[in-house]
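K.L.:
okay, predicted coordinates and the sequence, questions at the end:
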Amino acid sequence: MQYFDKDSLFFRGFLIFVAMKPQNIGEHTPVGILGGGQLGKMLIQAASDLNIHMHCLDEDPNAPCAALAHSYTIGSIRDFDTVLNFGRSKKIVTVEIENVNIEALELLEKEGVLVYPQPAVLRLIKDKGIQKSFYTQQNIPTAPFQLYENKQGILNAGIKFPFVQKLCTGGYDGKGVQVINTIEDYSKLFDAPSIVEDKIEFSKEISIIVSRNAKGETSTFPAVECEFNPQANLVEFQFSPAAISPAVEKEAALIATKIITEMNMVGLLAVEFFLDHEERLMVNEMAPRPHNSGHHTIECCETSQFAQHLRAILNLPLGNTSLRCPGAMLNLLGEPGFEGAVYYDGLEEVLTHKGTFVHLYGKEHTKPFRKMGHITLIGATVEEVKERSSQVKGMLKVIAR
């Protein structure tokens, strides 16, 4: 008996049944990522749980995403034609770094590709001068600032010490920032468009991550407290929950939500704050993507920042962001004085410690202060994980062979 004769009622019923089945997200939502670094790698790891096909564009054939992406295209994320051709075969395009060709993304958006965060958001955030002006226009608290076109303009202004110069574009991971305390520091000034702001005397630096989907639903993660490496000027430790009052936590969440809503942004936004000694918050800067200050959410929260970013750009219900437990995150930075093929000295010892999770990014070469991985520690209290994170920091060194 031919059960699947093309003219049989059984076969026609079978076709209707197949057509009515829910479609798989991964098969019908090809997502492109501009950038192949560690943020993209962890985004791909989260996407695999929903069988979402992630396609990556990066000029480094050995970048962290290369071994995990559904497809991997070698090319520059700053080249118009490369980004345009890459994006045209995707339903959604997202970024793991802001330094991308925005003109190509604007054209993709006009052609019907969903670009999240939107090109207009990337334009606003990519230039710190425009970003700071947005804060003042929206009555969002931030440090007083002035815009200058070059070094000579700053020298002519006779600005009172101390002050901070930040390049309008091109700075990341602590680069593009100079603290000017005395006249001798003038030699460090950048000769490029930049903002100059008062040096804020703050008690803490905190970060809060907010997400928003296309339906306009928003959700915030609990705030984290950041400690910076004084040499590299980038985050070395972060702790969650932050040691701040409920009122400060609530205000930070409200400010972050206001920012992402006013920009009409879809995706994930990390907002970094200064908290002064009178418990006043000032926005320092923001990043429209998964962020270093949210890595702990993989182990510490009901939903990780990477899963939340995917939910937002796919317009899915946002996940629960509650803390499962206190946690600390330690950045694994390349040791000063070492450059070459990477070697993780002390890795085996760290792996014996309970409640310790090692994430190596897969970068083959190390150099001083390069982000090579991170370690998350979980425990019963913040005090406990702070103590253990200091111990672990001394155990694992990122050196060259």
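P.N.:
Alright, I've got the coordinates.
K.L.:
now the helices: where do they sit in the stretch 101-250 of the chain?
P.N.:
102-110, 119-126, 128-137, 151-157, 246-262 (DSSP state H, counting those that start in this stretch).
K.L.:
need those helices in JSON lines with distance to Ser89, can you?
P.N.:
Glycine gets a C-beta too; all of them are placed from N, C-alpha and C. Output for these, formatted as JSON lines (distance: least, CB to CB, whole Å):
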{"stretch": "helix 102-110", "distance to Ser89": "11"}
{"stretch": "helix 119-126", "distance to Ser89": "18"}
{"stretch": "helix 128-137", "distance to Ser89": "31"}
{"stretch": "helix 151-157", "distance to Ser89": "44"}
{"stretch": "helix 246-262", "distance to Ser89": "29"}
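K.L.:
tabulate the ones you listed (CSV), appending mean neighbour count and distance to Pro317.
P.N.:
As requested, those are exported to CSV (neighbours: other CB atoms under 10 Å; distance: least, CB to CB, whole Å):
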stretch, mean neighbour count, distance to Pro317
helix 102-110, 18, 24
helix 119-126, 19, 22
helix 128-137, 17, 29
helix 151-157, 14, 48
helix 246-262, 17, 17
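K.L.:
OK, contacts around the residue nearest to Leu108 when sequence neighbours are not counted?
P.N.:
Using CB to CB, 6 or more residues apart in numbering and skipping the chain neighbours, the partner closest in space to Leu108 is Gly87 (4.3 Å). By CB atoms under 8 Å, 6 or more residues apart in numbering, Gly87 lies in contact with Gly32, Val93, Ala104, Leu105, Leu108, Val113, Val115.
K.L.:
distance of Gly87 relative to Gly170?
P.N.:
23 Å (CB to CB, to the nearest Å).
K.L.:
next: Gly35.
P.N.:
Gly35 is 15 Å from Gly170, by CB to CB.
K.L.:
repeat that for Leu108.
P.N.:
To Gly170, Leu108 is 23 Å away according to CB to CB.
K.L.:
my read: Ile200 touches Leu281, true?
P.N.:
No - Ile200 is beyond contact range of Leu281, at 11.0 Å (criterion: CB atoms under 8 Å).
K.L.:
need the residues touching each of the two.
P.N.:
Phe274.
K.L.:
neighbour-wise, which of these two wins?
P.N.:
Under the neighbour definition other CB atoms under 10 Å, Ile200 and Leu281 were set side by side, and Leu281 has more, 22 against 16.
K.L.:
excluding its backbone neighbours, what's nearest the more buried one?
P.N.:
Using CB to CB, 6+ apart, the nearest residue to Leu281 is Phe273, at 4.9 Å.
K.L.:
so Gln178 sits against Asp185, correct?
P.N.:
Yes - if you go by CB under 8 Å, Gln178 and Asp185 touch, sitting 7.3 Å apart.
K.L.:
of the two, which one has the most company?
P.N.:
Gln178 (18 against 15).
K.L.:
measure that one to Pro241 for me?
P.N.:
Taken as CB to CB, the span from Gln178 to Pro241 is 32 Å.
K.L.:
how far is the helix or strand containing Glu272 from where the chain is centred?
P.N.:
Element membership of Glu272, judged by DSSP states H and E, is strand 267-276. Distance of strand 267-276 from the chain centroid (CA atoms, centre = their mean, to the nearest Å) equals 11 Å.
K.L.:
in that strand, what counts as buried?
P.N.:
For strand 267-276, burial by neighbour count (16 or more other CB atoms under 10 Å) applies to Gly267, Leu268, Leu269, Ala270, Val271, Glu272, Phe273, Phe274, Leu275.
K.L.:
what about the chain, any weak spots by pLDDT?
P.N.:
Where the chain drops to pLDDT under 70, the residues are 1-28, 173-174, 230-234.
K.L.:
any idea how it splits into domains?
P.N.:
25-115, 144-198, 202-400 (automatic domain parsing).
K.L.:
kindly check the end-to-end length of the longest one for me.
P.N.:
Distance between the two ends of domain 202-400: 37 Å, counting by CA to CA, to the nearest Å.
K.L.:
from the chain's centre, how far out does it sit?
P.N.:
9 Å.
K.L.:
ditto for the shortest one
P.N.:
Relative to the centre of its chain, domain 144-198 is centred 25 Å away, using CA atoms, centre = their mean.
K.L.:
who's in contact with the residue nearest to the spatial centre of the chain?
P.N.:
In the chain, the C-alpha closest to the average C-alpha coordinate belongs to His291, at a distance of 2.4 Å (CA atoms, centre = their mean). Listed by CB under 8 Å, 6+ apart, the contact set of His291 reads Leu39, Ser207, Ile209, Leu268, Ala270, Gln305.
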